[in-house]
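> Structure of the sequence below:
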Amino acid sequence: MLGKRITALRKEAGLTQEQLAKRLNITRSALSQYELGSRNPDYDLLLKIADFFEVTVDYLLGKPKSESVIKEEKASYNVGDPDLQIAFREASDFSEEAKQQTIDFIKYLKEKEKKRNKTN
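Numbers count the residues shown, from 1 in each chain. Presented below is the predicted three-dimensional model:
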């Protein structure tokens, strides 16, 4: 699960393995092994990865985000928008994993929109 989470967070941030490895001050090879699950980072690096992506170590290790974290993330979006209200209401019955995937997808779309606006 750790490797999948690191890979997903890296891709969500639009980073290559090389770019993330440089930011974490590790080799690309080591990062690749972490993402593949053939090797695990030490505790200090695990904290560094969590801090870099602004997630908890628990989340990196596979635990879903807590309801309070999900509520905070929802509050950061314009929930006054009727379309978003419908989307959040529909998602309220999702499993924790599906809720997290929905939030991750919204973050992806938000970043994509930011990048598109910067190029225009």
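
> Please enumerate the helices of the protein.
2-12, 17-24, 28-36, 43-53, 57-60, 67-75, 82-91, 96-119 (DSSP state H).

> For Phe94, list the residues it contacts.
With contacts defined as Cβ atoms under 8 Å, 6 or more residues apart in numbering, Phe94 is in contact with Thr102. Where you see a C-beta, it was placed from the backbone N, CA and C, and this is true even at glycine.

> cutoff 10 Å now
Neighbouring residues of Phe94 by Cβ atoms under 10 Å, 6 or more residues apart in numbering: Gln100, Gln101, Thr102.

> What's the local residue count around Glu54?
8 (other Cβ atoms under 10 Å).

> Verify the stated contact: it with Leu9.
Yes. Contact status for Glu54 versus Leu9: in contact at 9.4 Å, counting by Cβ atoms under 10 Å.

> Identify the contacts common to these two.
Counting by Cβ under 10 Å, 6+ apart, nothing touches both Glu54 and Leu9.

> hey, which helix or strand in the chain has the poorest pLDDT?
helix 67-75 (a mean of 58; mean pLDDT, DSSP states H and E).
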